[in-house]
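In: here is my input, please return the structure:
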Amino acid sequence: MYTRLDRIHRALPLVLGMVTLASVGVLIAWDAFPGLFPANAHDVLAAFPLAMIAVAYLVYQSAHRPARWEAVKAVLLAVAFLFWAANQFWPSLRQATLFNDIAIALFVLDVFLVMAGWPSTSPDESFAETYTPLPAKNENSTR
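Out: The predicted structure follows:
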């Protein structure tokens, strides 16, 4: 069962998330003012938030102590972000395209698993969706 964490258990993932958001701000600053940064800074600035959000998400999930298959799915998503980060960090590497393609495959697999409802222990709200029950049909209704 997925439970809401208390303040202490949310602290580390949130701090890591704030560092990640700050690094995205620096990345956007590079886009606006690339001359203010050293040459090749973009590779690091693009890879860092991807790697950090992977770590933050794994820390967040470990604090929740999810069921085994939920943990596997969380690792799958984190690995996708890490491959994407590798592609950004080493864009000239011969394997960069492979890293990118693996990331794409893992992101697609993750979304597919959410749509398919796997694992069955996943809450319906796992893809930022909430569902409300439909009103009961009244047998005397003339609709």
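In: what's the spacing between W69 and S120?
Out: As for W69, its distance to S120 is 8 Å (criterion: C-beta to C-beta, to the nearest Å). In short, each C-beta sits where N, CA and C put it, glycine included.
In: quick one, which of the two is more surrounded?
Out: Ranked by neighbour count (other C-beta atoms under 10 Å), W69 and S120 place W69 first, with 14 against 8.
In: skipping adjacent residues, who's closest to that one in space?
Out: P119 (3.7 Å; C-beta to C-beta, 6 or more residues apart in numbering).
In: what does V79 give?
Out: That would be L106: by C-beta to C-beta, 6+ apart, it lies 6.1 Å from V79.
In: show me where the chain has its helices.
Out: Remark: helices assigned in the chain by DSSP state H are 7-32, 41-64, 68-89, 96-116.
In: mind giving me CSV with these and columns for mean pLDDT?
Out: Listed next are these as CSV, based on pLDDT from 0 to 100:
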stretch, mean pLDDT
helix 7-32, 93
helix 41-64, 95
helix 68-89, 96
helix 96-116, 96
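In: list the residues that contact the nearest residue to L12 once chain neighbours are set aside.
Out: Sequence neighbours aside, V59 is the residue nearest to L12 in space, at 5.6 Å (criterion: C-beta to C-beta, 6+ apart). By C-beta atoms under 8 Å, 6 or more residues apart in numbering, the contact set of V59 is 12-13, 16.
In: would you show me how to pick out the buried ones of those residues in ChimeraX?
Out: Of these, the buried ones can be selected in ChimeraX as follows, counting by 16 or more other C-beta atoms under 10 Å:
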select :13,16
